[in-house]
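>>> no sequence for this one, just the structure:
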């Protein structure tokens with residue numbers, strides 16, 4: 001049993017340079033995309049990624065916002081699978097907060113580029129893989145709580 005799952009999981013996430021984002025395409029097939037690490041996270045509850053507004057991923061997420069994010073620690077063969085919903089944010093305040101120096105290489109029009117948006121993912125469920133076992137957690141307003149596998153559907 002993990003003493004402080006939020007700290008353990010947060011450390012795993014923060015050490016990863018990429019995340020795998022999973023969603024369903026327009027035909028209902030799963031798609032996995034490598035994404036740069038989240039620009040911002042609010043504990044384990046919310047994650048903020050940048051992407052192109054014109055991307056197929058944004059079109060798919062607008063149609064079906066259910067997503068998965070996977071982080072892996074290859075050195076110790078541990079992984080963290082998060083399930084939740086995505087929202088496409090295009091308001092200036094959020095875009096400005098998430099913007100970083102150097103982003104103009106991806107979004108030539110700068111922070112106001114219409115092809116720049118933010119994906120906010122709100123996590124509901126977590127599955128942690130370690131030592132060839134997995135443990136399930138639910139994300140609630142008060143934190144995360146461990147649940148048996150049968151409650152994870």
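Now that the structure is in, tell me what you want to look at. This is a predicted model, so every value here is computed, not measured.
>>> CA atoms for contacts and neighbours, from now on please.
OK.
>>> just list what whichever strand or helix holds residue 7 packs against, helices and strands only.
Counting by DSSP states H and E, the element that carries residue 7 is helix 5-15. Applying 3 or more C-alpha pairs under 8 Å, 6 or more residues apart in numbering; DSSP states H and E, we find helix 5-15 packed against strand 66-73.
>>> and the strands in the chain, which stretches?
Using DSSP state E, the strands of the chain run over 18-24, 30-36, 40-42, 46-52, 66-73, 78-89, 116-130, 133-140, 143-147.
>>> what's the spacing between the fourth one and its chain's center?
Read it as strand 46-52. 7 Å (C-alpha atoms, centre = their mean, to the nearest Å).
>>> quick one: list the elements packing against that strand.
Packed against strand 46-52 by the contact rule (3+ C-alpha pairs under 8 Å, 6+ apart) you find strand 40-42, strand 116-130.
>>> tilt between the helix holding residue 7 and strand 133-140?
100 degrees (axes from the mean of the first three to the mean of the last three C-alpha atoms, to 10 degrees).
>>> give me the contacts around helix 5-15.
2, 43-44, 71-73, 80, 144 (C-alpha atoms under 8 Å, 6 or more residues apart in numbering).
>>> list the buried residues in it.
Across helix 5-15, burial judged by 16 or more other C-alpha atoms under 10 Å covers 5, 9, 12-13.
>>> then stretch 13-24?
In stretch 13-24, counting by 16+ other C-alpha under 10 Å, buried: 13, 18-24.
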